[in-house]
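Undergrad: My questions concern the predicted model and sequence given below.
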Amino acid sequence: MANILTCTDGSLYAQSVYAHAAWAAHKIEGAHIHVLHMLNPHHEEPVKTDYSGSIGFNARAQLLDELVQLEASHAKIAQKRGQAILDDAVLNFKEHEITDLQAKQKHGKLSEEITRYERDASLIVLGKRGNNANFEKGHLGSNLERVIRSCQHPVLVASRSFRPVKHFVLAFDGGTSALKAVEYAANNTLLSGIKCTLLYIGSGNAKVEASLAQAQSQLRSAGYDVCIEQRAGDPSKVISKIVEQDHIDLLVMGAYGHSQIRHLIVGSTTTEMIRTVRIAVLLFR
């Protein structure tokens, strides 16, 4: 059974995350959705402030007792909020006709827990920004980089809103992760029936053209309507232009490769693409 791990914090991206996960579940036969909400680990920690010497013993003891009670109250509120988020997620999935799902909240940081949950997942879905992101400055979610780095399975980064996927671009550089993306598309149903553009950015040569032709042949054999585009220029600008002009619904990228596209998250093209394109991005390591 295919398991889709769906991560939510109830942010503005939550509705889109659910819609993208539901779309994936309908595309992948027999898929099960696991919704995960992480509670702030701060609520597990006792009060550690040292007031020794600053106020009298009785006042200090009373203050510490009040702080402990306040922290316990915050933890209960966080748990109730988390449960409300999960309840909302379940309702959303039911509206998308998804009933095979499980919803859980856990204490800890998503970036630290993801490896344990990811072992049983075939796809991870999360929003590009969470509650702590600075929307005005276009910051990505604080967990996103660490989650993508820790995942061995594909990661679907949901855009602000969902739109039906009718045409996707696969940014191809001949690297291992790009080849993995082609292999996944050819052997899994998530992208089946969707028009595909294989995009290579850079100066062409015999090796590149042979690799592109092989990828195209593999995808065509799997039933894809696929064409090849070779462009020169800055990768982020070229991809953004094609996404806009060709009304692309999904960008598929390898996390690491042999070209300028390889610098995932530590800088360069992939980070820029996740940040700026207004469509979902499917990433492969």
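TA: Cool, the structure landed.
Undergrad: from here on, contacts and neighbour counts on C-alpha atoms
TA: OK.
Undergrad: quick one: low-confidence ranges for the stretch 51-200 of the chain?
TA: Along the stretch 51-200 of the chain, the parts satisfying pLDDT under 70 run over 51-58, 60, 129-143.
Undergrad: From the chain's centroid, how far away is the longest helix seen in the chain?
TA: Counting residues, the longest helix found in the chain (DSSP state H) is helix 57-95. Relative to the centre of its chain, helix 57-95 is centred 27 Å away, using Cα atoms, centre = their mean, to the nearest Å.
Undergrad: before we move on, what about stretch 171-181?
TA: For stretch 171-181, the distance to the chain centre is 18 Å (Cα atoms, centre = their mean).
Undergrad: Could you do stretch 18-31 as well?
TA: In terms of Cα atoms, centre = their mean, the centre of stretch 18-31 is found 14 Å from the chain centre.
Undergrad: Which element, helix or strand, includes the residue nearest the centre of the chain?
TA: Using Cα atoms, centre = their mean, the residue of the chain that lies closest to the mean C-alpha position is residue 157, 3.1 Å off. Residue 157 belongs to strand 155-158 when assigned by DSSP states H and E.
Undergrad: That strand: partners in the sheet, and parallel or antiparallel?
TA: Applying DSSP bridges, strand 155-158 is found paired with strand 123-127 (parallel), strand 280-284 (antiparallel).
Undergrad: Out of these, flag the one nearest residue 169.
TA: strand 280-284 (9.8 Å; Cα to Cα).
Undergrad: Residues contacting the closest one, please?
TA: If you take Cα atoms under 8 Å, 6 or more residues apart in numbering as the criterion, strand 280-284 is touched by 152-159, 162, 177-178, 180-181, 249-255, 274.
Undergrad: Over to stretch 182-194?
TA: Outside stretch 182-194, the residues within contact range by Cα under 8 Å, 6+ apart are 24, 27-29, 165-168, 215, 218-219, 221-225.
Undergrad: about what we covered before: can you list the strands paired with strand 155-158 in JSON lines and add mean neighbour count?
TA: Listed next are those as JSON lines, based on neighbours: other Cα atoms under 10 Å:
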{"stretch": "strand 123-127", "mean neighbour count": "26"}
{"stretch": "strand 280-284", "mean neighbour count": "25"}
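Undergrad: Need those strands in JSON lines (columns: distance to residue 61).
TA: As requested, these are arranged in JSON lines below (distance: least, Cα to Cα, whole Å):
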{"stretch": "strand 123-127", "distance to residue 61": "43"}
{"stretch": "strand 280-284", "distance to residue 61": "52"}
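Undergrad: Can you tell me, leaving aside adjacent residues, what's nearest to residue 215?
TA: Excluding the flanking residues, the one nearest residue 215 by Cα to Cα, 6 or more residues apart in numbering is residue 182, at 6.6 Å.
Undergrad: can you give me phi and psi for that neighbour?
TA: When read as degrees, to the nearest 10, the backbone of residue 182 gives phi -60, psi -40.
Undergrad: What's the local residue count around it?
TA: When counting by other Cα atoms under 10 Å, one arrives at 22 neighbours for residue 182.
Undergrad: do you know how far it is from residue 253?
TA: As judged by Cα to Cα, to the nearest Å, residue 182 and residue 253 stand 10 Å apart.
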